[in-house]
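Peer 1: requesting a structural model of the entry that follows:
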Amino acid sequence: MEPLFLGTHTPRLDEKGRLFLPAKFRDGFAEGLVMTTGQEGCITVWPVARFAEVADAMSRQVFTDRDSRVVQRLFLANASSEVPDRQGRVTVPQALRDYAGLDRDVVVVGMAKRVEIWDAGRWAAYQTSQAEDYERLAEEVLPRLL
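Peer 2: Model prediction:
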């Protein structure tokens, strides 16, 4: 059964750029994970098997489609494969820390089949900026899912 990542967690990056994965997420990443650039300035983290499915789906796109090439290049070129250590820590590569503006205080958000890592200040600003639209968007999006 595929892991289900839910909730908001607030671990900290240590001086070596390592992050303790939330305990409830660790089993889902036991086989490894892949992190890459996400949307709105976050890092997206996938279980390695799920990332392989996403990468495979990307590879089936027509290579002459410019938009597909751009997404593939940036999504895959910035990807980093990691295996959590015995304590559940993973190192966030410097390039991804720079992309997401990560320093010390971070927020780890469960997104069902993936996880996002945000700079705490950026996450707070994102939540504030989107709060007003949430109800309208939920009224549009949720009925399509249910």
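Peer 1: buried stuff in the lengthiest helix in the chain?
Peer 2: Secondary structure of the chain read by DSSP state H shows that its longest helix is helix 120-145. Neighbour counts using 16 or more other C-beta atoms under 10 Å place Arg122, Trp123, Tyr126 of helix 120-145 among the buried residues. The way it works is simple: take the backbone N, C-alpha and C, and place the C-beta from them, glycine included.
Peer 1: quick check: phi and psi at Leu13.
Peer 2: Main-chain dihedrals, Leu13, degrees, to the nearest 10: phi -80, psi 140.
Peer 1: repeat for Gly7
Peer 2: The phi/psi pair for Gly7 (degrees, to the nearest 10) is phi 100, psi 170.
Peer 1: now Phe63
Peer 2: When read as degrees, to the nearest 10, the backbone of Phe63 gives phi -70, psi -10.
Peer 1: what pLDDT does it get?
Peer 2: Per-residue pLDDT puts Phe63 at 81.
Peer 1: swap in Leu146?
Peer 2: Listed pLDDT for Leu146 reads 83.
Peer 1: count of neighbours near it?
Peer 2: 5 (other C-beta atoms under 10 Å).
Peer 1: tell me who's in contact with Trp123.
Peer 2: Residues in contact with Trp123 (C-beta atoms under 8 Å, 6 or more residues apart in numbering) are Cys42, Val107, Val109.
Peer 1: then Ile117?
Peer 2: Residues near Ile117 by C-beta under 8 Å, 6+ apart: Leu19, Met35, Cys42, Ile43, Val45, Val92, Ala100, Leu102, Val106, Val107, Val108, Val109.
Peer 1: redo the buried residues of helix 120-145 as JSON lines? Include pLDDT and distance to Gln61.
Peer 2: Formatted as JSON lines, the buried residues of helix 120-145 follow (pLDDT from 0 to 100; distance: C-beta to C-beta, whole Å):
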{"residue": "Arg122", "pLDDT": "97", "distance to Gln61": "30"}
{"residue": "Trp123", "pLDDT": "98", "distance to Gln61": "31"}
{"residue": "Tyr126", "pLDDT": "95", "distance to Gln61": "29"}
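Peer 1: in a strand, Thr44, correct?
Peer 2: Yes - assessed with DSSP: H, G, I helix; E, B strand; the rest coil, Thr44 lies in a strand.
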